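Can you look at this prediction? I've put the sequence above it.
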Amino acid sequence: MEVHCEGCAGCCIDWRPLRADDARAVEHERRGPREPLDDAYNLVPLTRDEVRAFLEAGLSDALTPRLWAAEEDDAAAEIDGQAVATIAGRPAFFVGLRTPPKPVAPFGRDRERWLETCTFLDPTTLQCRIHGDELFPDECRAYPAYNLALEQETECERVERVFGGERLREDDPGQTDGLLLGRGAVGGKVFVHPRPDDLEGVVSRIARGDLTDADRAEFVAVAAASSPGTLAISEHHYEQARERVLETDSWAGRAVREWQRRDAAGEEPEADLAVRLEDARGAPGTPGWDGR
Ligand code: SF4
Ligand code: SF4
């Protein structure tokens, strides 16, 4: 896809606070079949193999689940007073990248507020720290082709509409082989939790944005132990993966905690914080836009 991304990052951040007058755009970018229980915007869903790759790379503490509210005629599991969307009686979920508040300044705006941002976005350059890396998610590599293939408005077009300029430079999505839909996505990108009773309390914490490390580890482990095209979970792989996630303490996870702490403390979203909180902890650098 040909897109003009310099100074944008519209698909990597929650820029709803900058477009309060543009509410109609809000729901469309929420990926997945139903209304999410969480409030993350532009959450990037990962495939089973990508979840495993993040696990292998020691970055599984950058991952988080997404579950959905059941609609009226859906099969549902009642958990914490919430009807949760299920497949074959098991709560369905994505695993995506965490979105802590960061001091980003997209679209030529001043760095005036914290905005929820993908863990891997460098808030200084507005470039992706894993672009070109083997961990770079298929959803990001393809963006916005899947939206175009599904005839959904793209984030690029929304940015154009609100801030002007030309972002989307072609509208042919080309090959969209990675676009998993329906039953074909089960076990490959949409996972199912085999023990709904274990999610008591977790569903409430998702809705409050208050997940624990153990909660996240549970979903990452189930996803890593899933098999594309089936509902089966390998208990052996689940146990191994869960232990591994709980042991993981990467630059990304540490930075997320620090971003959240500073935002909650009402600190100023200063431009140079990313150097101290991410780069100094081992985050891969980004090249900047000069000469690109
Ligand atoms: S919204 Fe479009 S133009 Fe902006 S960073 Fe994402 S892909 Fe690039
Ligand atoms: S992985 Fe990179 S491209 Fe994808 S949302 Fe995060 S920062 Fe953006």
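Perfect, thanks for sending it. Ligands and ions are numbered 1, 2, ... in the order given.

CA atoms for contacts and neighbours, from now on please.
Fine.

Alongside ligand 2, which residues does the stretch 51-200 of the chain contribute?
By the rule CA under 6 Å from any ligand atom, the part of the stretch 51-200 of the chain lying against ligand 2 is 118, 120-121, 128, 130, 136, 140.

Of those residues, which is the nearest to residue 108?
residue 121 (16.5 Å; CA to CA).

is the closest one in a bridge, and if so with what?
Taking DSSP bridges, one finds residue 128 as the beta-bridge partners of residue 121.

Now do the same for it: its pLDDT.
Note on residue 121: pLDDT of 98.

show me what contacts it?
Contact analysis of residue 121 by CA atoms under 8 Å, 6 or more residues apart in numbering lists 12, 127-129.

mind redoing it with 7 Å?
127-129 (CA atoms under 7 Å, 6 or more residues apart in numbering).

again, but for residue 91
Shown in contact with residue 91 (CA under 7 Å, 6+ apart): 77, 84-85, 192-193, 196.

Just the ones of the residues you listed in strands?
Members of these lying in strands (criterion: DSSP state E): 77, 84-85, 192.

Closest one to residue 213 out of those, please.
Nearest member of these to residue 213, counting by CA to CA, is residue 192, at 19.2 Å.

The closest one contacts residue 90, correct?
Yes - when contacts are counted by CA atoms under 7 Å, residue 192 is listed as touching residue 90 (5.5 Å).

Between those two, which is the more surrounded one?
Per other CA atoms under 10 Å, whichever of residue 192 and residue 90 has more neighbours is residue 192, with 27 against 20.

tell me the SS of the closest residue to the more buried one other than its chain neighbours?
Excluding the flanking residues, the one nearest residue 192 by CA to CA, 6 or more residues apart in numbering is residue 92, at 4.4 Å. Per DSSP: H, G, I helix; E, B strand; the rest coil, the local secondary structure of residue 92 is strand.

Pretty sure residue 92 sits against residue 189.
No - using CA under 7 Å as the test, residue 92 is too far from residue 189 to be in contact (10.2 Å).
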